[in-house]
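Engineer: Just need the structure, nothing else, for what follows:
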Amino acid sequence: MIPLSDLNAVKEALRAQRIETPSWAYANSGTRFKVFPQPGVPRTPEEKIADAAKVHELTGIAPSVALHIPWDRVDDFGALSKYANDLGISIGAINTNVFQDEDYKLGSVTNPDPRIRRKATDHLLEAIDIMDATGSKDLKFWFSDGINYPGQDDLRTRQDRLAAALREAYDRLGDDQRILLEYKLFEPAFYATDVPDWGTSYAHCVELGPKATVCIDTGHHAPGTNIEFIVAFLLRQGKLGAFDFNSRFYADDDLMAGAADPFQLFRIMWEIVRADALDPSYGINFMLDQCHNIEAKIPAIIRSVLNVQEATAKALLVDRDALFAAQRNGDVLGANAVLMDAYNTDVRPLLAELREDAGLDPDPVAAYHRSGYQDKIVAERADGQQAGWGA
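Structural biologist: Numbering: from 1, shown residues only. Prediction:
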């Protein structure tokens, strides 16, 4: 039985939790084989923001939405930010796109051609202008840059080019802005990726300075990678800036967070709780980065938010005193049992009570289906070009 005082502390921590949803998850997406359009999908950045606001309205813990440039380009980003604020949310991380232009076949900021490197770096700087207009604090980089064949380009020179572009962007940041540098093991490059792992990202962030931090995408690792170790290490170094939560069975599957391996999500969140890094004041941006190719998008995003919340609640229930005592005593099975007791706890009643206390429906997915919002957007968005990866 958990003491009531501890349970109140758990609730307080959960009330403060914040999860950011991605604008592109509300739009059409698919695989390289096919994109299946869905009725009611947003046509504009404003409609994506409206869907994100609906998710926040029902969950109470998703008050910001990340943008992707150029997919979410508008003429007046200040007005877009105000539109979001009027709906009760804010603009979160600004994501750059240096992977869909014809010029980037051999890379963007690491391309052998200085003209193309300049073009890519200018896009990074443009994203900071957008941050200035929207009030966003986070600039997220994911570079698809890499090579397919040994000898295709010089590995070390490409790192020098990458460092130069990062430096130029870093020096343009405002006082309260920062870079989130994401990594990915492979794809679309198959022999060598220029930012393939957390160590490469970490090294560049250290070189840049305190306003550069690592973003962990949970789908961007080799099978079997111990992601919670990476979390613990980066927390200890003060270099963990953000997550891109999603699930993977094989590669970069971008499925709903917690769907494939909820135990892994729990282990990650335990390291966060262990470091007292859950509160927004710590500075970690807990983002989703997913594509809902066959499932209904808004309910899937709500489900993802709830999955992260459930993993967090279980992590908060870990009996720290008992765990640390077992660890100090070398009690292998005892220590493991303490962790598993928390993981095996059914936290759904606790979270339902938490939502009711906040004036929310205890079941946000059911509330969405009852709300009539899906029928409304299907009717309102019957015409026009739906948003997707290229729009």
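Engineer: all helices of this structure, in order?
Structural biologist: 4-16, 45-59, 77-86, 114-134, 155-172, 198-208, 227-237, 262-274, 297-316, 320-328, 332-343, 348-357, 364-371, 373-380 (DSSP state H).
Engineer: Residue 95 is nearest to which of those?
Structural biologist: Closest to residue 95 of the helices of the chain, according to C-beta to C-beta: helix 114-134, at 8.0 Å. The way it works is simple: take the backbone N, C-alpha and C, and place the C-beta from them, glycine included.
Engineer: what sits up against that closest one?
Structural biologist: Here helix 114-134 makes contact (C-beta atoms under 8 Å, 6 or more residues apart in numbering) with 67, 69, 77-78, 80-81, 91, 94-98, 101, 103-104, 106-111, 136-139, 141, 161, 165, 168-169, 172-174, 177.
Engineer: got the CA positions of it in PDB?
Structural biologist: What follows is helix 114-134, C-alpha atoms only, in PDB (Å, rounded to 0.1, in the frame of the first residue of the first chain):
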ATOM      1  CA  PRO A 114      29.300  24.600 -51.100                       C
ATOM      2  CA  ARG A 115      26.300  26.100 -52.800                       C
ATOM      3  CA  ILE A 116      24.100  23.300 -51.500                       C
ATOM      4  CA  ARG A 117      25.600  23.500 -48.000                       C
ATOM      5  CA  ARG A 118      24.900  27.300 -48.000                       C
ATOM      6  CA  LYS A 119      21.300  26.600 -49.100                       C
ATOM      7  CA  ALA A 120      20.800  24.100 -46.300                       C
ATOM      8  CA  THR A 121      22.400  26.300 -43.600                       C
ATOM      9  CA  ASP A 122      20.200  29.200 -44.700                       C
ATOM     10  CA  HIS A 123      17.200  27.000 -44.000                       C
ATOM     11  CA  LEU A 124      18.400  26.300 -40.500                       C
ATOM     12  CA  LEU A 125      18.700  30.100 -40.000                       C
ATOM     13  CA  GLU A 126      15.300  30.700 -41.400                       C
ATOM     14  CA  ALA A 127      13.900  28.300 -38.800                       C
ATOM     15  CA  ILE A 128      15.400  30.500 -36.100                       C
ATOM     16  CA  ASP A 129      13.600  33.500 -37.600                       C
ATOM     17  CA  ILE A 130      10.400  31.400 -37.300                       C
ATOM     18  CA  MET A 131      11.200  30.700 -33.600                       C
ATOM     19  CA  ASP A 132      11.500  34.400 -33.000                       C
ATOM     20  CA  ALA A 133       8.100  35.000 -34.500                       C
ATOM     21  CA  THR A 134       6.300  32.100 -32.700                       C
END
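Engineer: angle of that helix against helix 155-172?
Structural biologist: 30 degrees (axes from the mean of the first three to the mean of the last three C-alpha atoms, to 10 degrees).
Engineer: Report the buried members of the contacts of helix 114-134.
Structural biologist: Buried by 16 or more other C-beta atoms under 10 Å: 67, 69, 77, 80-81, 91, 94-98, 104, 106-111, 136-139, 141, 161, 165, 169, 172-173, 177, out of these.
Engineer: contact partners of stretch 178-188?
Structural biologist: 93, 99, 137-142, 144, 146, 166, 169-170, 173, 193, 195-198, 200-201, 204-205, 208, 211-215, 217, 220-222, 241-242, 244, 251-252, 285.
Engineer: now the end-to-end length of it.
Structural biologist: 26 Å (C-alpha to C-alpha, to the nearest Å).
Engineer: buried sites along it?
Structural biologist: 178, 179, 180, 181, 182, 183, 184, 185.
Engineer: Put together a markdown table for these, with distance to residue 352 and pLDDT on each row.
Structural biologist: Listed next are the buried residues of stretch 178-188 as a markdown table, based on distance: C-beta to C-beta, whole Å; pLDDT from 0 to 100:
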| residue | distance to residue 352 | pLDDT |
| --- | --- | --- |
| 178 | 36 | 98 |
| 179 | 39 | 98 |
| 180 | 33 | 98 |
| 181 | 38 | 98 |
| 182 | 34 | 98 |
| 183 | 37 | 98 |
| 184 | 37 | 98 |
| 185 | 38 | 97 |
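Engineer: so can I have TSV of these showing distance to residue 27?
Structural biologist: Output for the buried residues of stretch 178-188, formatted as TSV (distance: C-beta to C-beta, whole Å):
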residue	distance to residue 27
178	26
179	25
180	21
181	25
182	20
183	24
184	21
185	25
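Engineer: Which one of these is nearest to residue 11?
Structural biologist: residue 180 (29.4 Å).
Engineer: partner residues bridging that closest one?
Structural biologist: Beta-bridge pairing of residue 180 under DSSP bridges involves residue 140, residue 213.
Engineer: just to revisit the earlier point, filter the contacts of stretch 178-188 down to the buried ones.
Structural biologist: In the contacts of stretch 178-188, burial by neighbour count holds for 93, 137-142, 144, 146, 166, 169-170, 173, 193, 195-198, 200-201, 204-205, 208, 211-215, 217, 220-221, 241-242, 244, 252, 285, counting by 16+ other C-beta under 10 Å.
Engineer: what's the burial count for residue 296?
Structural biologist: 17 (other C-beta atoms under 10 Å).
Engineer: let me redo that: residue 381
Structural biologist: Neighbours of residue 381 using other C-beta under 10 Å come to 17.
Engineer: Looking at this protein, name the residue that lies furthest from the middle.
Structural biologist: residue 329 (37.4 Å; C-alpha atoms, centre = their mean).
Engineer: Distance of that one relative to residue 323?
Structural biologist: Separation of residue 329 from residue 323 (C-beta to C-beta, to the nearest Å): 11 Å.
Engineer: In contact with the closest residue in space to residue 298 that isn't next to it in sequence, which residues?
Structural biologist: Distances taken as C-beta to C-beta, 6 or more residues apart in numbering place residue 51 nearest to residue 298, at 5.7 Å, with adjacent residues excluded. Residue 51 makes contact with 26, 42, 297, 298, 377 under the criterion C-beta under 8 Å, 6+ apart.
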